[in-house]
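**Student:** give me a model of this one.
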Amino acid sequence: MQVWNDYMLQNKERFLDELLDLLRIPSVSADSAYKADVARCADAVKENLLKAGVDKAEICPTDGHPIVYGEKIVDPSLPTVLVYGHYDVQPADPLELWHSGPFEPVIKDGKIFARGACDDKGQMFMHVKAFELMAKTDSLACNVKFMIEGEEEVGSSNLGIFLEKNKGRLKADIVLVSDTSMISMEHPSLETGLRGLAYMEVEVVGPNRDLHSGVYGGAVANPINILCKMIASLHDENNHITIPTFYDKVDELTTAERTALNTAPFDLKEYQDELGIKEVWGEKGYTTLERTGTRPTLDVNGIWGGYTGEGAKTVLPSKASAKISMRLVPHQTSDEISALFQKHFESIAPAGVTVKVTAHHGGEPVVTPTDSIAYKAAAKAIQTSFGKDPIPTRGGGSIPIVALFESTLGLKTVLMGFGLDNDNIHSPNEKYDVANYYKGIETIPYFHKYFAEMSK
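**Tutor:** The predicted structure is shown next:
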């Protein structure tokens, strides 16, 4: 619509500047040292919602970090879109690998470099600015509610409680989320599913203190050695996970489903070159697209123990630890897989050590329908702004709250992300293309327009 194009043209520099201001706030939810900054970011989100034109916005305290809620009810007879996003970000470590300060956003080659640029401040803020565009041009086709949380990166442990307590306030027709990616600007896509997550921490303890590796080495079990052997045993020679019954509820895709999935544009050499690897790695018998979207995985996310400082210290450590995540597919549940992991990991520990397994956060896998009004509205919005139909894909990541939206609120979700797989989310030098940010603001109003039209 021309009125949207005109408003966008008049305000696009401000839209970008306001995002950069939000990115300067180090809202790291996992580190208590940033608690005040997380709260400050929540305040900034609330103020931006108010300036954009919501009727009301408020900070909702939780036992952890606050949730920001805002709404504008145009007409109770119109459909209601519940926009979900998060303002918290991952820790920026390792800092030495950043080319610029993680909370000092810079624009280089048309890309915004900062922690949270794509995940999820940039994508969440697209919805705030798209809402402003519609509100200020008097063209809101739906009622809009915003629920922006501050704990997504640490498992959303308090959001489920918030949903239970606020079912009436959160009543809507669809949840709209932009915390996912698309194939490329040339090949727009819509994700139709997400993997679940079971996140564990393990600790292997040997002697009651650190020991001299010369005096005791070879006679006392080294917890780091043992931990590495235990972790290595979790995959076989075909990179198949060895935990008993782990795959019992995993459905194999049909030949037709595998063929359809692998028709998505994918250049293996380009993929390898971009990552700086010579070969891909994964479960034997599956393509890269299948491995990252439809198969469960188990990965070590961090491992530590012993002496890691400068120089040498010949120590046999008392303990070693690791963080391990498992991505889950439909029919697997985080509680069940966490229990399977704990039982197996404890069972493979040799007698010379003791093992402690702690389950952290988890989330359930989801598959979104492609025949719903909301999905069709999103596809038509993509077609309108990009000039081509979106390709349906399966996302490898997890948004634990999506399954809760359905179980608690009875709402399906549309995953309309504008990030790219190479945006370095959770890594140093996270980025988000300015063009993608603007494209999201351009596309989102069309979703509201078409969803309202198709809902009549």
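**Student:** and the helices in the stretch 251-400 of the chain?
**Tutor:** Applying DSSP state H, counting those that start in this stretch to the stretch 251-400 of the chain gives helices spanning 255-261, 268-275, 288-293, 334-347, 373-386.
**Student:** residue 399: which of those helices is closest?
**Tutor:** Evaluated over the helices of the stretch 251-400 of the chain, closeness to residue 399 peaks at helix 334-347, with 13.1 Å, by C-beta to C-beta. Quick note: C-beta positions are derived from backbone N, CA and C, even for glycine.
**Student:** ok, and for that closest one, which residues are buried?
**Tutor:** 334, 336-338, 340-342, 344-345 (16 or more other C-beta atoms under 10 Å).
**Student:** got these as TSV, with distance to residue 61 and pLDDT columns?
**Tutor:** Shown next, in TSV, are these (distance: C-beta to C-beta, whole Å; pLDDT from 0 to 100):
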residue	distance to residue 61	pLDDT
334	26	96
336	32	98
337	32	98
338	29	98
340	36	98
341	34	98
342	33	98
344	39	98
345	37	98
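**Student:** out of these, the closest to residue 230 would be?
**Tutor:** Out of the buried residues of helix 334-347, the member with the shortest distance to residue 230 (by C-beta to C-beta) is residue 345, at 6.7 Å.
**Student:** pretty sure that closest one contacts residue 233?
**Tutor:** No - judged on C-beta atoms under 8 Å, residue 345 makes no contact with residue 233 at a distance of 9.6 Å.
**Student:** where do the domain boundaries of this protein fall?
**Tutor:** Annotated domains of the chain cover 2-194+365-455, 196-250+296-363 [automatic domain parsing].
**Student:** deepest of those domains, which one?
**Tutor:** domain 2-194+365-455 (a mean of 20; mean count of other C-beta atoms under 10 Å).
**Student:** now the strand or helix carrying residue 448 - C-alpha only, CSV.
**Tutor:** Element membership for residue 448, per DSSP states H and E: helix 434-455. Taking Å, rounded to 0.1, in the frame of the first residue of the first chain, the C-alpha atoms of helix 434-455 are listed here in CSV:
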residue,chain,number,x,y,z
VAL,A,434,19.5,-3.8,7.4
ALA,A,435,17.6,-4.9,4.3
ASN,A,436,16.1,-7.8,6.2
TYR,A,437,15.0,-5.5,9.0
TYR,A,438,13.2,-3.1,6.6
LYS,A,439,11.8,-6.0,4.6
GLY,A,440,10.2,-7.4,7.8
ILE,A,441,8.6,-4.1,8.6
GLU,A,442,7.3,-4.0,5.0
THR,A,443,5.9,-7.5,5.1
ILE,A,444,4.3,-7.7,8.5
PRO,A,445,1.4,-5.3,7.8
TYR,A,446,0.4,-7.4,4.8
PHE,A,447,0.1,-10.4,7.2
HIS,A,448,-2.4,-8.4,9.3
LYS,A,449,-4.3,-7.2,6.2
TYR,A,450,-4.6,-10.7,4.7
PHE,A,451,-5.3,-12.4,8.0
ALA,A,452,-8.2,-10.1,8.6
GLU,A,453,-9.6,-10.5,5.0
MET,A,454,-9.3,-14.3,5.1
SER,A,455,-10.9,-14.5,8.6
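**Student:** mind giving me the packing neighbours of that helix?
**Tutor:** With contacts taken as 3 or more C-beta pairs under 8 Å, 6 or more residues apart in numbering; DSSP states H and E, helix 434-455 sits against helix 2-23, strand 80-86, strand 111-113, helix 121-136, strand 174-177, helix 373-386.
**Student:** tabulate those (TSV), appending mean pLDDT.
**Tutor:** Converted to TSV, the helices and strands packed on helix 434-455 look like this (pLDDT from 0 to 100):
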stretch	mean pLDDT
helix 2-23	98
strand 80-86	98
strand 111-113	98
helix 121-136	98
strand 174-177	98
helix 373-386	98
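**Student:** nearest to residue 96, of the ones you listed?
**Tutor:** Residue 96 lies closest to strand 111-113 among those, at 15.3 Å (C-beta to C-beta).
**Student:** and that closest one, what does it pack onto?
**Tutor:** In terms of contacts (3+ C-beta pairs under 8 Å, 6+ apart), strand 111-113 is packed against helix 2-23, strand 106-108, strand 431-433, helix 434-455.
**Student:** who does it pair up with?
**Tutor:** Strand pairing for strand 111-113, using DSSP bridges, gives strand 106-108 (antiparallel), strand 431-433 (antiparallel).
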